[in-house]
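[1] when you get a sec, could you give me coordinates for this:
(chains A and B)
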Amino acid sequence: MKMDSKATNIVKNDLVDFTLFLANSSLIMGHRLSEWTGHGPMIEQDIAITNIALDLIGQARNFYQYAAELINDKNDKKVTEDDLAYLRDANEFKNLLITELTNGDWAKSICKVFFFSVWQFYFYQKMVYSKDEQLSAIAEKSLKEVTYHVKWSGDWVIRLGDGTEESKRRMESAVEDLWPYTGEMFVPSVFEVNLKNSVGIDVSIIKNDWIEKVKSVFKEATLSLPNETWMQSGGKNAVHTEHLGYILAEMQFLQRAYPGLEW
Amino acid sequence: MNHIEQNIKQTFSDEEEKIWNILKEVTDPEIPVLSVLDLGIVRDVKVKDNKVEVIITPTYSGCPAMDFIGMNIRKTLAEKGFQNLKITHQLSPAWTTDWMTEEGKEKLKAYGIAPPVGKTFDKKYLENLQVECPNCHSMNTKVISEFGSTACKALYKCNNCGESFDYFKCH
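    The predicted model follows:
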């Protein structure tokens, strides 16, 4: 089907792809976590996880605004941050697969936040030194927020892992479910390879930091690292699990049904 | 004004100083006792050829108050006769609670919110902090959640008076 949206006709380049990869990952992670609103195990933690969602959506906005700026610079059609978030289909989303997976129980959501936040933490720590001023500024800003996300989720991994028999069982099952989705975080896509010596970062070098951090929290949580296993991939190349379509349908419904609606 | 503490340039024209003074009246919608200057989010004020530019920096990426604050600045300045206005959002250097004025911290405390403890360059802020209860001033308090009623605050409880309270996180 031919898509008739101004957002589809964009000039592709590595920087746009890279910025959208970060925008998409933060948006989908944030939107998924926002599903906990009103459903958290207790009000304080309900508020905590939805505040994390808010931080992520704020970071996504910064990336989307920048991506729109880059696209408009090379294109007559004026694209907005909203077009990029609400009018593109799954085959144009480059988010990491782990972000689109369903929330599952509290342990699985915690484990998702922990794996993703630790990755973001080391990623942004490197991106602060990007030669692209705006990417560096967004990284600097986001890093402060992510530092709290790592602490909060890490504390919960320990609490559940080193908790009751039931909480440990749930945490172990979450780790097992999510582990295969951590591989693609450290395998650079084409646009990452092209940018790694200029404005991007070399993701393969943060893998070790990520493993060490996970190991140290797991040790306190009396959890063990899974054995080496086959890793899922595809997110960065816009090949997704079945879950992304559903989340986009929910998120984009209003803009699709009532184009240009504001509130 | 605390330009020195907040690393802001020192020399302004009369017109610019006038705007800085007006900005004292613009408050944070979530914490109405704090002005945008107490918060330290105004980075610069420029007046050139009758055009006014106010540069602000967001506290948190997703802070819903930012658009509102921008609107309030615009409205307040417009009421004072400044018509040609531009509000610019600047991300870097990233806002830090270190830029909050001492006066602002006192106002927070009086309002019932514990102000940030320590400075961000001292990473101890991520460890367990000694936060003073804004109600009974006891140091015997504990964290309940790293995230409180807004992203910028954590929820604490005082073991002495039993009240729970918001703590403005060091950030």
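
[2] correct me if wrong: A:Ala53 contacts A:Leu27.
    No: applying CB atoms under 8 Å as the test, A:Ala53 and A:Leu27 come out as separate, 10.2 Å apart. (C-beta placed from N, C-alpha, C; glycine too.)

[3] what about those two, which has more around it?
    Under the neighbour definition other CB atoms under 10 Å in any protein chain shown, A:Ala53 and A:Leu27 were set side by side, and A:Leu27 has more, 25 against 22.

[4] hmm, that one is touching A:Ala60, no?
    Yes: taking contacts as CB under 8 Å, A:Leu27 lies within contact range of A:Ala60: 3.8 Å.

[5] between these two, which contacts overlap?
    Residues within reach of A:Leu27 and of A:Ala60 at once, by CB atoms under 8 Å, 6 or more residues apart in numbering or on different chains, are A:Ala85.

[6] element containing the spatially closest residue to A:Trp36 that is not a sequence neighbour, please.
    With sequence-adjacent residues excluded and distances taken as CB to CB, 6 or more residues apart in numbering or on different chains, A:Trp36 is closest to A:Ile49, at 4.8 Å. Assignment of secondary structure by DSSP states H and E places A:Ile49 within helix A:43-73.

[7] ok, the residue nearest to A:Trp36 to A:Lys168 distance?
    Going from A:Ile49 to A:Lys168 by CB to CB, to the nearest Å gives 21 Å.

[8] kindly provide the distance from A:Lys94 to chain B.
    Using CB to the nearest CB, to the nearest Å, A:Lys94 is found at 20 Å from chain B.

[9] what's the burial count for that residue?
    24.

[10] where does it land in three-state SS?
    coil (DSSP: H, G, I helix; E, B strand; the rest coil).

[11] just confirm it contacts A:Val16, I think it does.
    No: using CB under 8 Å, A:Lys94 is not in contact with A:Val16; the gap is 10.4 Å.

[12] picking that back up, which of A:Ile49 and A:Lys168 has more neighbours?
    Counted by other CB under 10 Å, A:Ile49 and A:Lys168 do not tie: A:Ile49 has more neighbours, with 28 against 17.

[13] parallel or antiparallel, list what pairs with the helix or strand hosting B:Ile144.
    Using DSSP H and E, B:Ile144 falls within strand B:141-145. Under the criterion DSSP bridges, strand B:141-145 sits next to strand B:153-158 (antiparallel) in its sheet.

[14] doesn't B:Lys107 fall inside a helix?
    Yes: counting by three-state DSSP, B:Lys107 is part of a helix.

[15] and the pLDDT for it?
    Listed pLDDT for B:Lys107 reads 94.

[16] also the one 10 residues further on?
    On the pLDDT scale, B:Val117 is placed at 88.

[17] low-confidence ranges in the chain?
    I went with chain A, as the question did not name one. Within chain A, the segments meeting pLDDT under 70 span A:1-12.

[18] that's the wrong chain, I wanted chain B
    Ranges of chain B meeting pLDDT under 70: B:1-7, B:121-128.

[19] can you name the residue of it nearest to chain A?
    B:Gly62 (2.5 Å; CB to the nearest CB).

[20] for A:Ser224, which non-adjacent residue is closest in space?
    Among residues not flanking A:Ser224 along the chain, A:Phe218 sits closest, at 6.8 Å (CB to CB, 6+ apart).

[21] now name the helix or strand holding the one you found.
    helix A:207-220.

[22] what about the helix or strand following that helix, distance to the chain center?
    Following helix A:207-220 in sequence order, the next helix or strand is helix A:243-257 (DSSP H and E). Distance of helix A:243-257 from the chain centroid (CA atoms, centre = their mean, to the nearest Å) equals 17 Å.

[23] what sits closest to A:Ala107 if chain neighbours are left out?
    Nearest non-adjacent residue to A:Ala107, counting by CB to CB, 6+ apart: A:Arg170, 3.9 Å away.

[24] right, and A:Thr19 touches A:Leu70 too?
    Yes: between A:Thr19 and A:Leu70 there is a contact under CB under 8 Å: 6.6 Å.

[25] who has more neighbours, those two?
    More crowded of A:Thr19 and A:Leu70, by other CB under 10 Å: A:Thr19, with 29 against 21.

[26] count the neighbours of the closest residue to B:Asn84 other than its chain neighbours for me.
    Residue nearest to B:Asn84 in three dimensions, not counting chain neighbours: B:Lys51, with 4.7 Å by CB to CB, 6+ apart. Using other CB under 10 Å, B:Lys51 has 12 neighbouring residues.

[27] do the same with A:Leu254
    Using other CB under 10 Å, A:Leu254 has 12 neighbouring residues.

[28] you'd agree it is up against A:Leu261?
    Yes: A:Leu254 lies in contact with A:Leu261 (CB under 8 Å); the separation is 6.0 Å.

[29] next up, the contacts around residue 84.
    Going with chain A. A:Leu84 sits next to A:7, A:20, A:23, A:64, A:67-68 when contact means CB under 8 Å, 6+ apart.

[30] ah, no, chain B please
    The contact partners of B:Asn84, by CB under 8 Å, 6+ apart, come to B:50-52.
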